[in-house]
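Student: let me see the structure of the following:
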Amino acid sequence: MDINEVIGLTKHSLHLCDNTNFKEIIFTYLLDYDVLVTKDAEFWKEEFSKNMINAKIKNPNSKLEKQEKVIVDGSSLKNDFLKYEKRLEKQSRVVCVYNLNNLDSSVIKELVASHDKMILSVNNIRMLSNKDFNAEKRLENLDPKIVEKLVKKELKNILLGVLLRKPMCGTELVKAVYTKFRVFVSPGMIYPALHELKKEGLLKYDYELKNKIYSIVQEEQAKILLDKHTEINSLISQSLQT
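Tutor: Below you'll find the model as predicted:
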């Protein structure tokens, strides 16, 4: 189904994607929308030129005509995204495209709450949702034993994902995993997993007030590893669906 058919006539839509399809999604919307709003104008001018796309590009502070259908490169707005989102509420049609790789969970919640409809496109899977999209509520509906088993099985990948956001010590990682999944993973499980990741060359640690603070060494390699892992899990999930 075409993206614009999925969005329908929704006034203010959110489209979350990742590194693999961010540009492609922007290009697809440009078939039906009038202007791209971005702080990375030079980057998009070059991309439009390479792909022979003829479309208007405007800075977020530029004046927009009310009837213009607007695509927003949300990831370019950085920490000012809510300010610009507010300004765009007067437009007749807006689609805000954000790269999930650049967002933390608190930002995602704010974005979902401030849009009428959301599309999630990751690993060739597309999901449409209204404002009631809430990953935490979905987690609460799952069998706690299954969640605990999966968290412990996927602990190394979970730790990588958490540490990609910011360096932490072991105690902070225990708290982060519990906060996200409501699963207590003891230090006796956390530290061996961290040691394995360090042996694989993905982590390092520095001392801070006698605490070992773990951080990612090979950030790009860690992201690729997690992307591949997510894709494999998605394929397995699809094969299990009836």
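
Student: phi and psi next, for residue 15.
Tutor: Taking degrees, to the nearest 10, you get phi -120, psi 110 for the backbone angles of residue 15.

Student: would you map out the domains in the chain?
Tutor: As assigned by automatic domain parsing, the chain contains the domains 3-133, 139-240.

Student: I'd like to know how far residue 206 sits from residue 199.
Tutor: Using Cβ to Cβ, to the nearest Å, residue 206 is found at 17 Å from residue 199. (C-beta placed from N, C-alpha, C; glycine too.)

Student: now swap in residue 188 and tell me
Tutor: Distance, residue 188 to residue 199, using Cβ to Cβ: 18 Å.

Student: now do residue 20
Tutor: Computed as Cβ to Cβ, the residue 20 to residue 199 distance reads 29 Å.

Student: now swap in residue 154 and tell me
Tutor: With distances taken as Cβ to Cβ, residue 154 is found 18 Å from residue 199.

Student: ditto for residue 221
Tutor: 14 Å.

Student: any chance you could map the helices in the protein?
Tutor: Counting by DSSP state H, the chain has helices at residues 3-7, 22-29, 41-50, 81-87, 105-113, 135-140, 144-153, 155-165, 170-181, 187-199, 219-240.

Student: show me which of residue 221 and residue 199 is the more surrounded one.
Tutor: Neighbour tally, residue 221 and residue 199, criterion other Cβ atoms under 10 Å: the higher count belongs to residue 221, 14 against 9.

Student: tell me how many other residues surround the nearest residue to the more buried one once chain neighbours are set aside.
Tutor: Of all residues not flanking residue 221 in the chain, residue 202 sits nearest, at 6.7 Å (Cβ to Cβ, 6 or more residues apart in numbering). As a burial measure, residue 202 scores 20 neighbours (other Cβ under 10 Å).

Student: residue 202: what's it in contact with?
Tutor: For residue 202, the contact set (Cβ atoms under 8 Å, 6 or more residues apart in numbering) comprises 160, 216, 217, 218, 221, 222, 225.

Student: filter those residues down to the buried ones.
Tutor: Neighbour-count burial (16 or more other Cβ atoms under 10 Å) is assigned, among the contacts of residue 202, to 160, 216, 222, 225.

Student: tell me how far the third one lies from residue 154.
Tutor: By that I understand residue 222. 14 Å.

Student: I'd like to know how far the residue nearest the centre of the chain sits from residue 28.
Tutor: For the chain, residue 100 is the residue whose C-alpha lies nearest the centre (Cα atoms, centre = their mean; 1.6 Å). Distance, residue 100 to residue 28, using Cβ to Cβ: 17 Å.

Student: in this protein, where is pLDDT below threshold?
Tutor: Counting by pLDDT under 70, the ranges of the chain that qualify are 1-10, 105-106, 122-143, 231-242.

Student: centre of it to the edge, which residue is at the far end?
Tutor: Farthest-from-centroid check, the chain (Cα atoms, centre = their mean): residue 210, 33.6 Å.

Student: comparing the domains of the chain, which comes out most buried?
Tutor: domain 3-133 (a mean of 16; mean count of other Cβ atoms under 10 Å).

Student: off-centre distance for it?
Tutor: 13 Å (Cα atoms, centre = their mean, to the nearest Å).

Student: next up, the contacts around residue 11.
Tutor: Residue 11 sits next to 91, 92, 93, 94, 116 when contact means Cβ under 8 Å, 6+ apart.

Student: got a list of what the nearest residue in space to residue 30 that is not next to it in sequence touches?
Tutor: Excluding its sequence neighbours, the residue lying closest to residue 30 (Cβ to Cβ, 6+ apart) is residue 55, at 4.8 Å. Taking Cβ under 8 Å, 6+ apart, we find residue 55 in contact with 30, 34, 35, 36, 48.

Student: hmm, try it at 7 Å
Tutor: 30, 36, 48 (Cβ atoms under 7 Å, 6 or more residues apart in numbering).
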